[in-house]
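[1] Sequence first, then the predicted structure:
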Amino acid sequence: MTSKTTSFVYVTYIRATPEQIFAAITKPEIARRYWGHGNVSDWRAGSKWEHVRDNDAQTVEIVGEVIEVKPPARLVMTWANESQSDDPDGYSRVTFEIEEYEDMSRLTVTHDQLQSDSGMAKAIGQGWPVVLSSMKSYLETGAGLQLWARPKAA
């Protein structure tokens, strides 16, 4: 990275097993239900992965490489806008850590190596909380959240 970097960490507790959470991240047919995107890969270290929008065109929006896979406890991958995939400075890293806690699990998502001044750094601060809240709702109730909801006018 050629500029200053920043990171974003989000921790949530979900009434689900680590296996269910790991599947919700890595199985496109599940991720589409709460994220509107599927994460597509064979999930082996060194493999490519794509974040594919669930639309008629199946638009690839985010790409990266799987760095580490230890189901169901840990997944590490690089992350870049598809349009910046040729620029090494356009990549950041996402780490999912899942730990069992009695009848629930703690999910920690760390998105780091972000260029401080990038659009990605600004977007993930809003994106991860709503996506992970939607995942939690989906796993606990069977229904995700409206990801594109806006605040009600006063």
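    Yep, that arrived. Numbering: from 1, shown residues only.
[2] which helices and strands does whichever helix in the chain runs longest pack with?
    Ranked by residue count and defined by DSSP state H, the top helix of the chain is helix 119-141. Here helix 119-141 touches strand 5-14, helix 18-26, helix 28-35, strand 74-81, strand 104-115, going by 3 or more CB pairs under 8 Å, 6 or more residues apart in numbering; DSSP states H and E. Using the backbone N, CA and C atoms, a C-beta is placed for each residue, glycine as well.
[3] residues making contact with it?
    Outside helix 119-141, the residues that touch it by CB atoms under 8 Å, 6 or more residues apart in numbering are 6, 8, 10, 12, 14-16, 20-21, 24-25, 33-35, 79-81, 90, 92, 107, 109, 111, 114-115, 143-145, 147.
[4] Only the buried subset of those, as a ChimeraX command please.
    The buried residues among these can be selected in ChimeraX (16 or more other CB atoms under 10 Å) with this line:
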select :6,8,10,12,14,16,21,24,25,33,34,35,79,80,81,90,92,107,109,111,114,115,144
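[5] in this structure, what spans have low per-residue confidence?
    Residues of the chain that meet the criterion pLDDT under 70 lie in 1-3, 154.
[6] on that earlier part again, so which of the helices and strands packed on helix 119-141 is nearest N55?
    Counting by CB to CB, N55 lies closest to helix 28-35 out of those; the figure is 10.4 Å.
[7] Other residues contacting that closest one?
    23-25, 37-40, 52, 54, 131, 134-135, 137-139, 144-145, 147.
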